[in-house]
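Chemist: Okay, here's the prediction I keep looking at, along with the sequence it came from:
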Amino acid sequence: MLRTIRAGLVLACIALALPAGAQQAKGAADALAKLQKEAAANPGSVSANRALGIWYYRNQRFSEARTPLEQARKLDPKDGVSALYAGLAAEQEKDWIAAKNAYTAYLAVGKTRSVRNDIRARLLAVSKEEVKAAAARAVANESVIAQQPGSPMTIAVLPFQCSGCDASVAPLERGMAELLIIDLAKKKTLTLLERDRMQAIADEIQLGKSGRVDDATAARAGRLIQAGRIVQGGILVTNNTTLSLNASVVDVRTSTPADQGAKADGLLEQLFSVEKQLAFSVFTSLGVTLTPAERQDVDRRPTNSLQAFLAYSRGLAAEDAGKLDEAARFFESARSIDPGFGAALQHQQAAQQAVQATPTAKVESNLKSSSEGQVAAAADKGVVATAAAGNIGATLNNVVGNVNPTITNQINVSGGGGGGNGQPNTSGNQAADKTGTDQPAPKTGQVTIVITRPKP
């Protein structure tokens with residue numbers, strides 16, 4: 001016995017002599033070994049796969065984190081913690097599509113309200129990166145994509161080219177393209193590609209840097225975004241009073257205009273009427289016939305204020321340049337001029353959320369105080385914790401424990417890999433911590449139901 005005590009004291013002294021960093025490294029290695037062993041022994045366990053993935057993520061082993069986290073999600077699509085960390089890991093790996101899918105899943109099943117708000121902001125940032133990455137991939141694989149022409153009913157609209165425009169009206173290049181996209185999309189047989197996707201392609205190939213886009217260049221942009229036809233247009237402003245618009249429809253396969261093009265003229269202050277004339281002419285160039293109801297729908301205007309629309313167009317230009325603070329201010333200005341300008345409000349909110357996008361580190365920080373955060377904290381220590389809420393086994397244990405609060409039931413229902421104070425245990429064996437034995441505490445309980453005979 002004396003020798004045993006002395007040996008224990010020697011080991012304790014050695015442990016105390018280890019530098020703090022070495023102790024932390026040993027603790028991390030021990031935790032990982034426990035989690036790997038648990039996942040190998042229980043490959044069908046959501047908790048084991050989730051804990052192992054979280055440990056890898058929190059130790060910056062992002063690539064290794066993804067496999068167990070995706071396995072946990074596959075086993076239980078409603079497990080929010082797995083979805084959250086799968087999204088965080090995918091974002092670190094710049095797999096924007098996977099990050100977007102996982103974050104979207106967390107919004108549906110996640111339990112922590114503040115983290116859901118954080119994830120909405122992250123989704124905006126991820127979506128922007130996804131569009132840029134898709135444009136870069138398209139250019140890198142241009143020879144392959146060129147062999148897969150888009151449908152002639154899939155339309156993309158390039159930013160307009162403005163001639164004779166001073167700084168006050170130059171942003172109409174973006175605004176006019178946006179108006180035309182909105183109008184063309186009202187014909188349900190057409191598929192209009194998003195302006196930000198087209199802008200990303202334009203930026204990637206530096207389209208329009210020379211101030212002129214020919215038909216062949218427009219067709220190239222169309223192939224990259226897999227459109228069947230491209231609409232490119234021009235704006236001519238004379239003396240800041242007279243406005244001329246023109247547009248041509250380019251067949252992506254042949255790189256040639258479909259016809260002589262569309263034109264509309266008027267005063268600058270009549271911009272919305274002139275744009276509607278152009279939109280109807282573009283429908284004709286596309287060979288599309290509108291019903292009376294569709295014509296009435298196209299003729300609706302998002303705003304009647306030229307100044308509000310100019311501010312909105314400046315916001316679009318700032319947004320494309322990545323100046324989101326500035327964009328939000330322009331959209332707010334447009335909305336203050338015309339409070340009913342719904343598109344300005346939507347863009348303002350999106351720009352503000354993107355500016356305030358929560359860093360991934362803060363997402364985890366906001367998770368800490370929640371039950372989901374306790375699940376993640378347990379993984380740091382090598383503890384496989386039960387997910388928060390929705391676990392029927394834990395619910396039954398709680399019922400038995402409440403009716404018949406034995407010591408063993410109190411051990412089992414404290415749950416989540418934690419002690420009575422809600423914090424995770426530092427050892428990997430919860431039963432050993434509380435019972436002094438390596439054997440798990442049996443889940444026992446007795447519920448007596450008394451049924452009285454009904455009175456005659």
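Modeler: Here it is on my side, so go on.

Chemist: Pull out the buried positions in stretch 146-156.
Modeler: 149-150, 152, 154-156 (16 or more other C-beta atoms under 10 Å). (Glycine included, C-beta is placed from N, CA and C.)

Chemist: now, which of these lie within strands?
Modeler: By the criterion of DSSP state E, membership of the buried residues of stretch 146-156 in strands covers 154-156.

Chemist: so which of these comes closest to residue 114?
Modeler: Of all those, residue 114 sits closest to residue 156, with 38.7 Å by C-beta to C-beta.

Chemist: need the contact list for the nearest residue to the closest one once chain neighbours are set aside.
Modeler: Excluding its sequence neighbours, the residue lying closest to residue 156 (C-beta to C-beta, 6 or more residues apart in numbering) is residue 227, at 3.9 Å. Contacts for residue 227 (C-beta atoms under 8 Å, 6 or more residues apart in numbering) come out as 150, 154-156, 193, 252.

Chemist: what's the closest non-adjacent residue to residue 326?
Modeler: That would be residue 318: by C-beta to C-beta, 6+ apart, it lies 4.2 Å from residue 326.

Chemist: quick one: contacts for that neighbour?
Modeler: By C-beta under 8 Å, 6+ apart, residue 318 lies in contact with 324, 326-327, 330.

Chemist: Repeat that for residue 41.
Modeler: Contacts of residue 41 by C-beta under 8 Å, 6+ apart are residue 48.

Chemist: Please tell me how far it sits from residue 384.
Modeler: The gap separating residue 41 from residue 384 is 10 Å, by C-beta to C-beta, to the nearest Å.

Chemist: Ok, residue 92 next?
Modeler: 23 Å.

Chemist: More neighbours: which of these two?
Modeler: residue 384 (23 against 16; other C-beta atoms under 10 Å).

Chemist: re the thing from before, put together JSON lines for the buried residues of stretch 146-156, with distance to residue 280 and pLDDT on each row.
Modeler: As requested, the buried residues of stretch 146-156 are exported to JSON lines (distance: C-beta to C-beta, whole Å; pLDDT from 0 to 100):
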{"residue": "149", "distance to residue 280": "27", "pLDDT": "77"}
{"residue": "150", "distance to residue 280": "24", "pLDDT": "88"}
{"residue": "152", "distance to residue 280": "19", "pLDDT": "92"}
{"residue": "154", "distance to residue 280": "21", "pLDDT": "95"}
{"residue": "155", "distance to residue 280": "15", "pLDDT": "95"}
{"residue": "156", "distance to residue 280": "19", "pLDDT": "94"}
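
Chemist: And these, which is closest to residue 335?
Modeler: Nearest to residue 335 among the buried residues of stretch 146-156: residue 156, at 27.8 Å, using C-beta to C-beta.

Chemist: So in terms of bridging, what pairs with the closest one?
Modeler: Under DSSP bridges, the beta-bridge partners of residue 156 are residue 230.

Chemist: In contact with it, which residues are there?
Modeler: 192-193, 197-198, 221-222, 225, 227, 229-231.

Chemist: now residue 329
Modeler: By C-beta under 8 Å, 6+ apart, the residues touching residue 329 are residue 315.

Chemist: which SS state does the residue nearest to residue 156 fall under?
Modeler: Secondary structure, DSSP: H, G, I helix; E, B strand; the rest coil: residue 227 is coil.

Chemist: any idea how far residue 66 is from it?
Modeler: 33 Å.

Chemist: And the strands in the stretch 251-400 of the chain?
Modeler: 256-257, 262-267 (DSSP state E, counting those that start in this stretch).
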